[in-house]
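Novice: coords please:
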Amino acid sequence: MATGDNDVVGKAVSEELYLDGYYAEVLPHQKWKLSKNFKPKASSLP
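Specialist: I've put the predicted structure just below:
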């Protein structure tokens, strides 16, 4: 997950949703760059 929120909020949301990790305090243009590195875990998406 990439969020513009601070680290405390990012960590809390990530844990609540059982995510593997998170990036906090990310600006919109940085989110776009990060999304290029994300790969789906499933072999097919709906």
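
Novice: all contacts plus neighbour counts: C-alpha atoms, from now on.
Specialist: Noted.

Novice: Can you tell me how far residue 9 is from residue 19?
Specialist: As judged by Cα to Cα, to the nearest Å, residue 9 and residue 19 stand 13 Å apart.

Novice: So for the two, which sits in the more crowded spot?
Specialist: Per other Cα atoms under 10 Å, whichever of residue 9 and residue 19 has more neighbours is residue 9, with 14 against 11.

Novice: The more buried one: what secondary structure?
Specialist: Look at residue 9: counting by DSSP: H, G, I helix; E, B strand; the rest coil, its state is helix.

Novice: mind starting the numbering at 27 from now?
Specialist: Will do, 27 is the new start, and the previous item becomes residue 35.

Novice: Just the pLDDT at it, thanks.
Specialist: At residue 35, the pLDDT value in this model is 97.

Novice: Quickly note the distance from it to residue 51.
Specialist: Noted for residue 35: a distance of 10 Å to residue 51, by Cα to Cα.

Novice: do residue 27 as well
Specialist: From residue 27 across to residue 51, the span is 11 Å (Cα to Cα).

Novice: what do you get for residue 30?
Specialist: 4 Å.

Novice: what is in contact with the two at once?
Specialist: Common neighbours of residue 30 and residue 51 are not found (criterion: Cα atoms under 8 Å, 6 or more residues apart in numbering).

Novice: end-to-end on stretch 35-55?
Specialist: This stretch, stretch 35-55, spans 20 Å end to end (Cα to Cα).

Novice: buried ones in it?
Specialist: For stretch 35-55, a neighbour-count test (16 or more other Cα atoms under 10 Å) marks 36-37, 40, 49-50, 52 as buried.

Novice: Now flag whichever of those is closest to residue 63.
Specialist: The shortest approach to residue 63 among these belongs to residue 49, at 12.6 Å (Cα to Cα).

Novice: Nothing else from me, thank you.
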